[in-house]
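Participant: what follows is a predicted protein model with its sequence.
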Amino acid sequence: MDKRDKIRLQGMTFHGHHGLMEAETKLGQIFKVDLVLVTDLKLAGQTDKMGHSIHYGEVYDLVKSIVEGTPFKLLESLAENLAQEVLQTFNQVEEVLVRVNKPQAPIPGVFDNVAVEITRARH
């Protein structure tokens, strides 16, 4: 497999109810998720057949269902769950990088974004 082959889904935006504070779990807020899927895309490029690649619409739907679903207290838990579900659902993915962005985190200060980034591999 060529580790340089990647599919990126960037800036997926969802309304979720994750966080430690009651207001976060009650009212919810925006979460932005970026994924990098490491997979061998050579055969897909040669055959032009979807069966040889990863349907990123299906990846989006999976991420949406998790982020908009059961709340997590920690971004780390949300990111871990996303990584594990992607690896379990899409056998072609050898490695996944997950970045969960929380631009409206309840921090008393000026900042652009809070994010957790993890990388998980199949083996």
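Facilitator: On my side now, so go ahead.

Participant: for L20, which non-adjacent residue is closest in space?
Facilitator: If the residues on either side of it in the chain are set aside, L20 comes closest to K73, at 5.4 Å by Cβ to Cβ, 6 or more residues apart in numbering. C-beta coordinates here come from the backbone N, C-alpha and C atoms, glycine included.

Participant: tell me which helix or strand that neighbour sits in.
Facilitator: For K73, there is no enclosing helix or strand under DSSP states H and E.

Participant: that one against H17, yeah?
Facilitator: No. The criterion here is Cβ atoms under 8 Å, and K73 misses it with H17 at 10.6 Å.

Participant: neighbour count winner among these two?
Facilitator: H17 (17 against 13; other Cβ atoms under 10 Å).

Participant: report pLDDT for that one.
Facilitator: As predicted, H17 sits at a pLDDT of 96.

Participant: verify the contact between it and T25 for me.
Facilitator: Yes. Counting by Cβ under 8 Å, H17 does reach T25; the two are 4.9 Å apart.

Participant: what sits against A79?
Facilitator: 98-100, 116-118 (Cβ atoms under 8 Å, 6 or more residues apart in numbering).

Participant: in this structure, which spans are strands?
Facilitator: 6-16, 29-38, 95-101, 115-121 (DSSP state E).

Participant: so which bits of the first one are buried?
Facilitator: By neighbour count, with 16 or more other Cβ atoms under 10 Å as the criterion, the buried positions of strand 6-16 are 7, 12, 14, 16.

Participant: thought the last one was touching L27?
Facilitator: No. G16 lies out of contact with L27 (Cβ under 8 Å); the separation is 10.8 Å.

Participant: residues contacting the residue nearest to L20?
Facilitator: Here K73 is in contact with 18-20 (Cβ under 8 Å, 6+ apart).

Participant: out of those residues, who's the most crowded?
Facilitator: G19 (24 neighbours).
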